[in-house]
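[1] With the sequence up front, the predicted model follows.
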Amino acid sequence: MALKENFTTYDVTDGTGSTYTVTSSRVSWNDMARTETSHVSDSKGANYFDGDFIHEFEMEFSDLVGSGNVVSHWGLANVQKNMASIMNDKDDAEWFYHYSTYFYVDCVDGGDITESESLTLEAGTHYYVRIIRDDDGGSNNAGQVTAYVFTVSFDGTLVGSISAEHTIQHDFEYIYASLSYNDSTGGHSVDGFTENLDLYARQDYTREDSSALASDDTNLSTNFSTSDYIDVAT
């Protein structure tokens, strides 16, 4: 059985002191406001997330207030900050986030964002998300990040996929289970959680492997096997 991340070992920054509830398998948030400075992350060591990798997790969101709530359910960076601070301070990152019911993948290079097309998901539905990073993929060969979203299970129904590209290749230290946005736009909040985060890496994972895997969405769930990857959850 795969080893999942233990969120009780993560660092928690809670802007209100009551937003997060953290268990070993789940990070959940209640009334997460767009103005929050909250995030939950863990250092794996400098440049730990390099090369190609696959991360898997489950998630839900619900009880949206307003239409401009923004929260990331997964991310990587070299600093421990919220989304707006990472961009304003011209840091680097990649994340999977939602704006209301629209989900996106962002690649952040020195504060500049390359964003995927949107994928509309439903509040109150349990989703299974597989993140694949092809480290030398994309038009710049600087890295491409793709999120595949399923219902029922990772071998279930593929809802859709979205991807974004970096303009500069990056290695990252911190893994995030949640990032708030943090700007002055009030009146927007949401509940949600990230759970059962599993981290995989593969030393001999090539760009060709990733391209073949990503080119056939209908067969992705049956073609993909995490047994081909090294489980690096700690």
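    Looks like it came in fine.

[2] Could you use CA atoms for every contact and neighbour count after this?
    Fine.

[3] pLDDT on the helix or strand hosting Ala177, on average?
    Per DSSP states H and E: Ala177 is located in strand 174-180. For strand 174-180, mean pLDDT is 98.

[4] what's it packed up against?
    Using 3 or more CA pairs under 8 Å, 6 or more residues apart in numbering; DSSP states H and E, the elements in contact with strand 174-180 are strand 26-33, strand 39-43, strand 70-77.

[5] quick one: the helices in this protein?
    With DSSP state H as the criterion, the chain has helices at 83-88, 207-214, 220-223.

[6] where does the first one sit relative to the chain's centre, distance-wise?
    Here the centre of helix 83-88 is set off from its chain's centre by 16 Å, with CA atoms, centre = their mean, to the nearest Å.

[7] Tell me which residues of that helix come out buried.
    83-87 (16 or more other CA atoms under 10 Å).

[8] next one: stretch 46-57
    Neighbour-count burial for stretch 46-57 [16+ other CA under 10 Å]: 49, 51-57.

[9] quick one: contacts of it?
    Stretch 46-57 has contacts (CA atoms under 8 Å, 6 or more residues apart in numbering) with 78, 128-136, 170-173, 194-203, 205-206.

[10] Of the residues you listed, which count as buried by neighbour count?
    By 16+ other CA under 10 Å, the contacts of stretch 46-57 give 78, 128-136, 170-173, 194-202, 205 as buried.

[11] so how far is Thr35 from Thr16?
    10 Å (CA to CA, to the nearest Å).

[12] Please consider this matter closed, and thank you.
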